[in-house]
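Asker: sequence? don't have it. structure:
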Ligand code: PHE
């Protein structure tokens, strides 16, 4: 092959290669052009290099020099095309995105203050060895009254004082009512387990009270029950005091005032110290021997205490909520504070 013919092919390859690299619009087209012209195995440059051997020896230095210039030119063109394709790609990315703008805050939900209170009370009582028991909100008269020593003629059973369900006579085991106290769970637990018993139960109770700052027709109670040998009122007072100290913090004192509940004997109202005064926490007492006997416990062998406190009341006290209806208005401005 003559030098002139070789140089002619070289020129033709240079302009074709330059054009292909210049026209590549994306990385794939660029790679195809690279393989076609600069490919190490079967690229056109490689093929031309083989023809260099056919050039007369005296022309080889000139031919080789031009060949090297061509290779450098195509390498440079490839690099230039790479940078062009890359900056085109970057420019095509959405330029309306401004990473310096403030982000959207995702509002975080939270548990209702009463749910938070219930969880905290369960945790406190759990540390004192009480496990959680549960019972139905729709109850029969046996568990809401009878077994709790509240006989048929008792005023607490007045239909006007309770939410009876209008299923009387239509369902077995009725009449049913929405439980008016969590003391029902005392009975349900003792029916199922042998002493010793150490449980709490937290849940909704229902009474047809007119809603005001301290009443609501549905509210929550925490019920505690401990039955074992030689349980005394001193144990009751200690547990209530530890409970109040844990929930309210500080050096809380507990006071008992004589009271009456059909299912405890003796019965007390429980007060605790709060801001230089006393506030009422709920009711308590020693489980009445009749109640123990009714669930098959031997009252000569076992004694126990029980207490029932209002969840809304303790929560409202701690957080300074003046009106318990706020717990049920679902106003996020109120709920967000907890
Ligand atoms: N069940 C009672 C009430 O609702 C409270 C109570 C519970 C009293 C346990 C004594 C023992 O008022």
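Answerer: Cool, got the structure. What you are looking at is a predicted structure, and each value in this text was computed from that prediction instead of being measured.

Asker: all contacts plus neighbour counts: C-alpha atoms, from now on.
Answerer: Noted.

Asker: How about the residues of the stretch 201-338 of the chain by the ligand?
Answerer: With Cα under 6 Å from any ligand atom as the criterion, the stretch 201-338 of the chain meets the ligand at residues 261, 264, 283-285, 306-308.

Asker: Which ones among those map onto strands?
Answerer: Of the positions in these, 261, 264, 283-285, 306-308 sit in strands, assigned by DSSP state E.

Asker: can you redo those as CSV with neighbour count?
Answerer: Below are these laid out as CSV (neighbours: other Cα atoms under 10 Å):
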residue, neighbour count
261, 18
264, 24
283, 23
284, 32
285, 28
306, 25
307, 27
308, 24
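
Asker: contacting residues around residue 96?
Answerer: Counting by Cα atoms under 8 Å, 6 or more residues apart in numbering, residue 96 touches no other residue.

Asker: follow-up on the earlier one: okay if I get the residues of the stretch 201-338 of the chain next to the ligand as JSON lines plus pLDDT?
Answerer: JSON lines is the format used below for those (pLDDT from 0 to 100):
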{"residue": "261", "pLDDT": "96"}
{"residue": "264", "pLDDT": "97"}
{"residue": "283", "pLDDT": "97"}
{"residue": "284", "pLDDT": "98"}
{"residue": "285", "pLDDT": "98"}
{"residue": "306", "pLDDT": "98"}
{"residue": "307", "pLDDT": "98"}
{"residue": "308", "pLDDT": "97"}
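
Asker: Beyond the longest helix seen in the chain, next helix or strand please.
Answerer: With secondary structure taken from DSSP state H, the chain has its longest helix at helix 60-92. Next helix or strand after helix 60-92 toward the C-terminus (DSSP states H and E): helix 113-127.

Asker: where's that following helix relative to the chain centroid, distance-wise?
Answerer: Helix 113-127 has its C-alpha centroid displaced from the chain centroid by 16 Å (Cα atoms, centre = their mean, to the nearest Å).

Asker: what's the answer for stretch 70-78, then?
Answerer: Worked out by Cα atoms, centre = their mean, stretch 70-78 lies 62 Å from the chain centre.

Asker: before we move on, what about stretch 313-332?
Answerer: How far stretch 313-332 lies from its chain's middle: 22 Å, per Cα atoms, centre = their mean.

Asker: Buried residues in it, which are they?
Answerer: 313-316, 321, 324-325, 327 (16 or more other Cα atoms under 10 Å).

Asker: which of the residues you listed lies closest to the ligand?
Answerer: residue 313 (12.8 Å; Cα to the nearest ligand atom).

Asker: Which of the three states applies to that closest one?
Answerer: Judged by DSSP: H, G, I helix; E, B strand; the rest coil, the three-state class of residue 313 is helix.

Asker: so who does it touch?
Answerer: 214, 281, 324.

Asker: residues touching the last one, list them.
Answerer: Residues in contact with residue 324 (Cα under 8 Å, 6+ apart) are 212-216, 312-313, 316.

Asker: pLDDT score for it?
Answerer: Note for residue 324: predicted pLDDT of 95.

Asker: For my notes, confirm it occurs in a strand.
Answerer: No: checked against three-state DSSP, residue 324 lies outside a strand; its state is coil.

Asker: ok, then the element right after whichever helix or strand residue 28 is part of?
Answerer: If you go by DSSP H and E, residue 28 is part of helix 27-38. Heading C-terminal from helix 27-38, the first helix or strand you meet, by DSSP H and E, is helix 44-51.

Asker: who touches that next one?
Answerer: 1, 6, 9-10, 13, 36-40, 67, 71.

Asker: orientation of it relative to helix 27-38 in degrees?
Answerer: Using axes from the mean of the first three to the mean of the last three Cα atoms, to 10 degrees, the direction of helix 44-51 lies 0 degrees away from that of helix 27-38.
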